[in-house]
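Student: fold the following, please.
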Amino acid sequence: MGMQTVTSKDGTSIAYSLAGQGPALVLVGGAFMTRHSFAPLAEALAPEFSVVAYDRRGRGDSTITAPYAVDRELEDLAAVLDAVGGAFVHGMSSGAALAFLAAGSGLPIQRVSGMEPPYRLPDHPPITAAYGATLARLTEAGRFDDAVAHFMVNGVGQPREVVDQMKADPFWPQLVALAPTLVHDNAVMAGYRLPDHLSRISVPALVLSSTGSFPWLQEAAAATAAALPAGRHLSRDGSFHDLPPATIATALTEFFKG
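Tutor: Coordinates of the predicted model:
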């Protein structure tokens with residue numbers, strides 16, 4: 001997938017890759033994701049779609065312009081959609097929340113889907129304002145290793161001993177490199193409660209979840225679908241917060257081309 005760029009409203013350069021043939025399908029990444037994170041899924045989708053994977057601002061080959069605001073992320077996605085002529089949109093995790101926000105804000109999205117947007121229901125352990133404040137403090141201090149651990153333990157809910165073991169894995173430095181963007185994902189989630197704009201999304205919407213995820217993530221996916229006027233929830237066998245690319249590709253092909 002060759003890289004192309006588009007200029008967002010505030011001058012930020014947004015990098016994206018295009019692969020396959022068919023109607024445009026834009027993929028929106030979540031925490032720690034760049035456009036390259038979608039390579040296996042893009043390959044699985046390429047026979048049916050022109051798959052557009054982009055680097056959200058501050059990630060990969062995209063630049064960033066201060067100050068950050070979630071509205072700038074919407075402008076970035078709008079610029080990508082304009083470059084490819086409107087599209088279907090699929091997001092992963094906080095990228096799913098961003099995709100649904102975009103659809104609820106009137107961007108030219110014909111259908112929208114998301115994989116496990118990490119909203120918290122009233123009976124779930126809450127994400128407090130203190131979580132975001134600590135994340136910002138660690139990031140501003142350049143303590144990116146600690147910021148990743150804080151996100152994993154207090155944001156995702158992974159046991160600390162599991163996170164300590166993860167630090168020895170080869171991919172840990174990749175997570176640390178993207179730690180400055182965790183505050184962006186936290187801003188996109190806007191308190192982590194089901195947002196009112198879900199009820200404004202009139203286009204068909206699909207929410208995917210994995211049987212291997214924490215129960216709260218699966219419950220949040222079902223609740224998100226229920227809050228969407230034209231929403232549907234689809235649960236499939238998978239690992240934690242993820243599904244096999246072929247499984248996602250099958251579900252998205254049926255949804256977007258159905």
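
Student: quick check: phi and psi on Gln110?
Tutor: When read as degrees, to the nearest 10, the backbone of Gln110 gives phi -80, psi -40.

Student: could you pull up the residues touching it?
Tutor: Gln110 sits next to Gly86, Ala87, Phe88, Val203 when contact means C-beta atoms under 8 Å, 6 or more residues apart in numbering. For every residue, glycine as well, the C-beta is placed using N, CA and C.

Student: turn these into JSON lines, including neighbour count, secondary structure and distance to Val188.
Tutor: Output for the contacts of Gln110, formatted as JSON lines (neighbours: other C-beta atoms under 10 Å; DSSP: H, G, I helix; E, B strand; the rest coil; distance: C-beta to C-beta, whole Å):
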{"residue": "Gly86", "neighbour count": "14", "secondary structure": "coil", "distance to Val188": "22"}
{"residue": "Ala87", "neighbour count": "26", "secondary structure": "strand", "distance to Val188": "19"}
{"residue": "Phe88", "neighbour count": "23", "secondary structure": "strand", "distance to Val188": "20"}
{"residue": "Val203", "neighbour count": "15", "secondary structure": "coil", "distance to Val188": "20"}
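
Student: I'd like to know how far the residue nearest in space to the middle of the chain sits from Arg56.
Tutor: The chain has Gly95 as the residue nearest its centroid, 1.6 Å off, counting by C-alpha atoms, centre = their mean. According to C-beta to C-beta, to the nearest Å, Gly95 and Arg56 sit 8 Å apart.

Student: what sits in contact with each of those two?
Tutor: Val28, Gly29, Met33.

Student: next up, the contacts around the residue lying closest to Gly22 once chain neighbours are set aside.
Tutor: Excluding its sequence neighbours, the residue lying closest to Gly22 (C-beta to C-beta, 6 or more residues apart in numbering) is Phe49, at 4.5 Å. Neighbouring residues of Phe49 by C-beta under 8 Å, 6+ apart: Gly20, Gln21, Gly22, Pro23, Ala24, Leu25, Phe88, Thr253, Phe256.

Student: mind listing the residues bridging to Phe88?
Tutor: Leu25 (DSSP bridges).

Student: and the pLDDT for it?
Tutor: With respect to pLDDT, Phe88 has a value of 98.

Student: roughly how far apart are it and Phe49?
Tutor: Counting by C-beta to C-beta, the gap from Phe88 to Phe49 is 7 Å.

Student: what sits in contact with each of these two?
Tutor: Counting by C-beta under 8 Å, 6+ apart, the residues touching both Phe88 and Phe49 are Pro23, Ala24, Leu25, Phe256.

Student: grab the nearest non-local neighbour of Ser209.
Tutor: Ranked by C-beta to C-beta, 6+ apart and with sequence neighbours excluded, the top spatial neighbour of Ser209 is Ala221, at 3.7 Å.

Student: where does the one you found land in three-state SS?
Tutor: Under DSSP: H, G, I helix; E, B strand; the rest coil, Ala221 falls in the helix class.

Student: could you do Gly114 as well?
Tutor: Going by three-state DSSP: Gly114 is strand.

Student: gap between the residue nearest to it when sequence neighbours are not counted and Met115?
Tutor: Nearest residue to Gly114 in three dimensions, chain neighbours excluded: Ala96, at 2.6 Å (C-beta to C-beta, 6+ apart). When distance is defined by C-beta to C-beta, Ala96 is 6 Å away from Met115.

Student: verify the stated contact: Tyr119 with Ala226.
Tutor: No. Tyr119 lies out of contact with Ala226 (C-beta atoms under 8 Å); the separation is 11.7 Å.
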